[in-house]
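Participant: Quick one: sequence plus predicted model below, questions after.
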Amino acid sequence: MSACRMISIAQIRNVVVALLALSAAVLPSPASAAKAAPDHGNIAYHDWTSSADFTGGSSSGVTTSGDKLAFGTATGSQSYDDQGFGFPATTYATTTWTSPVHSPGFGLTELVASWNADTPPGTWIEVQMRGSTNGGTLTKWYVMGRWASGDGDIHRTSLGGQGDDDGTIAIDTFLSRKGVTLTDYQLRVVLLRLPTAAAGPTVSSLSAFASALPPDKKVAVSEVGAAAGIELAVPRYSQDVHLGHYPEFDGGGEAWCSPTSTEMIVEYYGRYPADVSWVAPQPHDSPSVDYAARFTYDYHYEGAGNWPFNTAYAATYGLDAFVTQLRSLAEAERFIAAGIPLTVSVSFKSSELDGAGYSTNGHLMNIVGFTSDGDVIANDPVSPDNAGVRRVYDRAQFENVWIPTSRSGGIAYVIHDAAHPLPANVPGQPANW
């Protein structure tokens, strides 16, 4: 069975990688494609989160208000037809902000952007990226997501059909074509607003992780570190008790591992949806999971597992949230020791993770602590009830269903509040948070 959905983002990503490799046999690679083999050190995260950061970019109509980008004076307009998902074509006033060029220090082959934004009624944002290739050319602007916190103006969506000779977008992830690396990248955010909107959208954070990882299938187990014996008091919610709920949002609970995991962490910080009155009465105590599934749903992907859509949802509660890749459980321990649980993307056969009792092509669960021996204490939403969500998984097994590139390469949602600042990065490695 698949714990999240029959066709997961991980499967889509793997198919795209294979197709890009096949295309390399047909399309010529840049002459300068040769590059030393990368390792798991090649992960780097960068963000723009302050007035000083935003001043360093280029603006067209955007102003800085506090430490946020805000809609200033419109410099353009865009007619948007909601990708055919239901709302009529509407013309929005637009402003844009473009980041400085950023180099991760290696030739990247993968990138995921994240954002924290507020979109009042009548507003939304579009996030884009581009980069310089190792062949000396500049890519086009790829759309990383069209997003609104609500669903009354547009249907938040990823965008298909963007592939070209440089790379493609697999739902939420830029993947370069075989033989192509990007030496740097830029992010751009378009702020869109109806002329009648009472307020414009604001953006408090724009970020991305970039990586170039080896095609490994197994990694060595990391040493037990600072979080041994620590377990965080994260609420436990089962996705399975929501089976059949709201089938318009990816069929109901069987596919809701990501929003269920995200909602657990949101509520760990004492946040809760203001209005769940629309959720039909159910024999359970977690209507907020139905809420999270609705407001993380990607109408193009037809699922609630879009990584940055989940962190953007968490950020609507005043939290700081982003997607990155971690290199090991030792890095994860730094977060647990700082009081920050993690949502992680894993895939495995039932024989590869003792105690799980299922197989999955792509699944999200939370790391909430470690035993004194360093095994992983997880809130795994695949459970018949909330009480069964807590699991303990073998450290070596867990590391190898999460960290290898053949799995997710260490994908994690990092969600925290001001009372729980981020831990220090690992010395001697590119910062990956």
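Facilitator: Happy to help now that I have it.

Participant: which residues of the stretch 51-200 of the chain fall in helices?
Facilitator: 51-55 (DSSP state H, counting those that start in this stretch).

Participant: quick one: low-confidence ranges for this structure?
Facilitator: Within the chain, the stretches with pLDDT under 70 are 1-3, 5-39, 283.

Participant: What residues does the residue most central in space within the chain make contact with?
Facilitator: Nearest to the mean C-alpha position of the chain, by C-alpha atoms, centre = their mean, lies Trp307 at 2.7 Å. Going by C-beta atoms under 8 Å, 6 or more residues apart in numbering, Trp307 touches Ile9, Val112, Ser114, Asp172, Thr173, Ser258, Val323, Ser345, Ile411, Tyr413. Where C-beta positions appear, they are placed from N, C-alpha and C, glycine not excepted.

Participant: can you pick the most crowded of those residues?
Facilitator: Within the contacts of Trp307, most neighbours by other C-beta atoms under 10 Å means Ser258, with 33 neighbours.

Participant: So that one, which state does it fall into?
Facilitator: Look at Ser258: counting by DSSP: H, G, I helix; E, B strand; the rest coil, its state is helix.

Participant: Make sure it is actually in contact with Gly305.
Facilitator: Yes: Ser258 is within contact range of Gly305, at 4.2 Å (criterion: C-beta atoms under 8 Å).

Participant: list residues touching both of those two?
Facilitator: Jointly contacting Ser258 and Gly305 under the rule C-beta under 8 Å, 6+ apart are Cys4, Leu364.

Participant: if we can go back for a sec, for Arg334, state which of the contacts of Trp307 is nearest.
Facilitator: Nearest to Arg334 among the contacts of Trp307, counting by C-beta to C-beta, is Tyr413 at 15.4 Å.

Participant: you'd agree the closest one is in a helix?
Facilitator: No: Tyr413 is assigned strand when assessed by three-state DSSP, not a helix.

Participant: now it: how far from Trp48?
Facilitator: Computed as C-beta to C-beta, to the nearest Å, the Tyr413 to Trp48 distance reads 19 Å.

Participant: export the contacts of Trp307 to CSV and tack on distance to Ala199?
Facilitator: Shown next, in CSV, are the contacts of Trp307 (distance: C-beta to C-beta, whole Å):
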residue, distance to Ala199
Ile9, 33
Val112, 29
Ser114, 23
Asp172, 27
Thr173, 32
Ser258, 29
Val323, 27
Ser345, 35
Ile411, 34
Tyr413, 28
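
Participant: Let me see the domain layout of this structure.
Facilitator: For the chain, automatic domain parsing gives the domain ranges 32-211, 240-416.

Participant: now these as JSON lines including distance to Glu231?
Facilitator: Conversion of the domains of the chain to JSON lines gives the following (distance: least, C-beta to C-beta, whole Å):
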{"stretch": "domain 32-211", "distance to Glu231": "26"}
{"stretch": "domain 240-416", "distance to Glu231": "3"}
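
Participant: Among those, show me which one is buried the most.
Facilitator: Highest mean neighbour count of the domains of the chain: domain 240-416, a mean of 21 (counted as mean count of other C-beta atoms under 10 Å).

Participant: Start and end of that one, how far apart?
Facilitator: Length of domain 240-416, first residue to last, C-alpha to C-alpha, to the nearest Å: 26 Å.

Participant: starting at the chain centroid, how far to it?
Facilitator: Remark: domain 240-416 is offset 12 Å from the chain centroid, using C-alpha atoms, centre = their mean, to the nearest Å.

Participant: now stretch 185-204
Facilitator: With C-alpha atoms, centre = their mean, you get 20 Å for stretch 185-204.

Participant: From the opening residue of it to its closing one, how far?
Facilitator: The first and final residues of stretch 185-204 sit 20 Å from each other (C-alpha to C-alpha).
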